[in-house]
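[1] Got a sequence here, can you model it:
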Amino acid sequence: MTGALAGIAAVAVPLVLLLSAAGQARRPARLAAALRAHGTLPRAATGPAAAAVIAAEALAGAGGAAALLLWADGPMRAASAAAAVLFGLYAGYGTYVARTRRGVPCGCAGGDTPMTGWVAGRAAALAALALAGALHGLPAGPAAFELTVTATAGLVFAVLLWTLPHAMTEERRPAG
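    Just a heads-up that it's a prediction; the model follows:
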């Protein structure tokens with residue numbers, strides 16, 4: 001089971017990171033604005049912090065994607081470990097902000113999803129998935145059928161985790 005989970009992580013984690021980095025690149029000011037709204041950093045530090053986060057996502061995602069395409073176990077473990085640390089930090093930070101600041105934007109992937117426990121939960125799930133990839137590495141000698149199932153499951157996990165916080169956001173519209 002751990003091997004299948006690590007294979008799923010090898011697909012899902014880099015995909016989520018690359019999608020997030022691409023979303024940030026489309027709207028580069030959104031993360032810095034969200035960090036300002038969170039009130040956890042000095043205003044002057046939000047731009048550099050946002051740039052560092054985007055770079056970390058892009059590097060870990062590209063490293064994981066390259067390792068997957070080359071089927072390189074060591075680099076996949078390293079990229080997965082970096083992603084586990086990054087998502088673990090996101091989970092802790094997201095939990096803190098969701099508990100202390102209501103109604104602030106997440107800043108995730110350049111979108112407008114509010115910072116909620118669902119954002120922190122997604123980050124924790126991705127951290128656990130990435131940790132499984134870091135500890136187990138790529139599956140050894142899988143058959144073509146197993147690779148197809150694993151890749152499909154990885155894509156499904158990525159889509160579900162990507163959409164979870166937004167799907168769980170309840171919009172309140174004025175009665176009219």
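[2] Could you tell me how many residues sit around Ala109?
    Residues near Ala109, counting by other CB atoms under 10 Å, number 23. Every residue, glycine included, has its C-beta placed from N, CA and C.
[3] Quick one: residues contacting the closest residue to it other than its chain neighbours.
    Spatial nearest neighbour of Ala109, excluding adjacent residues (CB to CB, 6 or more residues apart in numbering): Gly23 at 3.2 Å. With contact taken as CB atoms under 8 Å, 6 or more residues apart in numbering, Gly23 is in contact with Cys108, Ala109, Gly110, Gly111.
[4] How many neighbouring residues does the first one have?
    It refers to Cys108. Using other CB under 10 Å, Cys108 has 24 other residues around it.
[5] That one is in contact with Ser20, isn't it?
    Yes. Look at Cys108 against Ser20 with CB atoms under 8 Å: they come within range, at 6.6 Å.
[6] got any ranges where the chain has weak pLDDT?
    By pLDDT under 70, the weakly predicted segments of the chain are 1-2, 142-143, 145, 165-167, 169-176.
[7] Which positions within stretch 75-90 qualify as buried?
    By 16 or more other CB atoms under 10 Å, the buried positions in stretch 75-90 come out as 75-88, 90.
[8] same thing with stretch 32-40?
    Quick answer for stretch 32-40 (16+ other CB under 10 Å): Ala32, Ala33, Ala34, Leu35, Arg36, Ala37, His38.
[9] Ala29: how many residues sit nearby?
    Ala29: 12 surrounding residues under other CB under 10 Å.
[10] give the contact list for it.
    Taking CB under 8 Å, 6+ apart, one finds nothing in contact with Ala29.
[11] Output the contacting helices and strands for the one helix or strand Thr95 maps to.
    Using DSSP states H and E, Thr95 sits within helix 73-100. Under the contact criterion of 3 or more CB pairs under 8 Å, 6 or more residues apart in numbering; DSSP states H and E, helix 73-100 touches helix 2-26, helix 46-70, helix 117-136.
[12] what do you get if the cut-off is 10 Å, keeping everything else the same?
    Contacts defined by 3 or more CB pairs under 10 Å, 6 or more residues apart in numbering; DSSP states H and E place helix 73-100 against helix 2-26, helix 28-38, helix 46-70, helix 117-136.
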